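1. predicted model, plus sequence, below.
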Amino acid sequence: MSTVVFYTDESGSAERFSEPLEPGATPVFTLTSIALPLNEWRTFDRKYNNLKRHFFPEILERKGRKEDIEIKGNDLTSPRNKESSRRQKFLERVFHLLKSFDAKIFAVTFVKDKDNPISSRSMYTHGFQILLERFNKFVETSGKFDSGIIICDSRAGAIKGQGLDKEVAKSFQSYIFGNEKGKSFAFIQEAPLFADSKITVGLQLADLISSVIYTNHYHYYARNVEGAVDYSHMQRWWPKIAELEFESKQDAEGSYAIRGIRVINHKK
């Protein structure tokens, strides 16, 4: 038995929005995690960095070490790059890489209500609670892992113990130690850890997958919002997400299966 790491990143903004959409504002917000085995991190780290070197050699030559270069999900999924065969082939290889390590995908998307907004902190903490239930169920039923740790992309101010990182960690501890349901999630070890995505391949992969999920949910739930971005070209990638999405099996007591991806629609 071994440990699985849940690399966690976000797409979109958790802040309120108005119509027509202003620059930087988004009608949906997505938290995404990918589960990868800790004992294979050296292998998937090298393989992903080699992918970057193969598909984007000019960026690496210009900016230096391939470990420090991020290929961002918002660039791959942007409508301006929808005809880029290089980016499409790169994303195809990313999915193939994740499948080769039997990675699993988890996500929570919030469809925001502009007239009745909730705070970004509430969105983060609620999202993490939903993900925690899925993380715990995955480890419990995997048959090959006995513990899980969470590594999140760090937000500004984290090194000094400020900002959203600290709030998320404190909320996690309150939920794990003070909530009856949270107390039952015994397979998750430690509070979330925070790392710099520039030196953490698992977070770079989470960013790419989060962008694919985010753009699909954006198109499905928010394409009619005034000023919405047209992400219709990203629909072709949803079968790849579905193939890697976690789904628990019913237990002997007939409990419902839990899927890795959940949508919270505040507009309903």
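-> All right, it came through fine.
2. ok, Ser11 - contacts?
-> When contacts are counted by CB atoms under 8 Å, 6 or more residues apart in numbering, Ser11 is found next to Phe29, Thr30, Thr32, Gly73, Asn74, Asp207, Ser210, Ser211, Ile213, Tyr214, Thr215. C-betas here are computed from N, CA, C, even on glycine.
3. mind giving me the PyMOL select for those residues, buried ones only?
-> Isolation of the buried members of the contacts of Ser11 (16 or more other CB atoms under 10 Å) is achieved in PyMOL through the command below:
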select buried, resi 29+30+32+73+207+210+211+213+214+215
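4. quick one: mean pLDDT over the helix or strand where Thr3 lies.
-> When elements are defined using DSSP states H and E, Thr3 is found to belong to strand 2-12. Per-residue pLDDT values over strand 2-12 give a mean of 96.
5. find the centremost residue of this structure, please.
-> Closest to where the C-alpha atoms of the chain average out (CA atoms, centre = their mean) is Thr32, at 1.8 Å.
6. thought Lys104 was touching it, still the case?
-> No: taking CB atoms under 8 Å as the definition, Thr32 is not a contact partner of Lys104, at 11.5 Å.
7. re earlier: show me which of the contacts of Ser11 is closest to Pro117.
-> Here the nearest of these to Pro117, counting by CB to CB, is Phe29; it sits at 11.0 Å.
8. lowest confidence element among the helices and strands of the chain?
-> Counting by mean pLDDT, DSSP states H and E, the weakest-scoring helix or strand in the chain turns out to be helix 57-63, with a mean of 69.
9. next SSE downstream of that helix?
-> helix 73-76.
10. with just CA atoms, put whatever helix or strand Leu203 lives in into CSV.
-> Assigned by DSSP H and E, Leu203 belongs to helix 201-222. Output in CSV follows, covering the C-alpha atoms of helix 201-222 (Å, rounded to 0.1, in the frame of the first residue of the first chain):
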residue,chain,number,x,y,z
VAL,A,201,4.6,19.1,-12.2
GLY,A,202,1.5,17.7,-10.5
LEU,A,203,0.1,21.2,-10.1
GLN,A,204,0.9,22.0,-13.7
LEU,A,205,-1.0,19.0,-14.8
ALA,A,206,-3.9,19.9,-12.5
ASP,A,207,-4.0,23.4,-14.1
LEU,A,208,-4.3,21.9,-17.6
ILE,A,209,-7.1,19.5,-16.6
SER,A,210,-8.9,22.2,-14.6
SER,A,211,-9.0,24.5,-17.7
VAL,A,212,-10.6,21.7,-19.7
ILE,A,213,-13.3,21.1,-17.1
TYR,A,214,-13.8,24.8,-16.5
THR,A,215,-14.3,25.7,-20.2
ASN,A,216,-16.7,22.8,-20.7
HIS,A,217,-18.8,23.8,-17.8
TYR,A,218,-18.6,27.5,-18.8
HIS,A,219,-19.9,26.6,-22.3
TYR,A,220,-22.7,24.3,-20.9
TYR,A,221,-24.0,26.6,-18.1
ALA,A,222,-22.9,30.1,-19.0
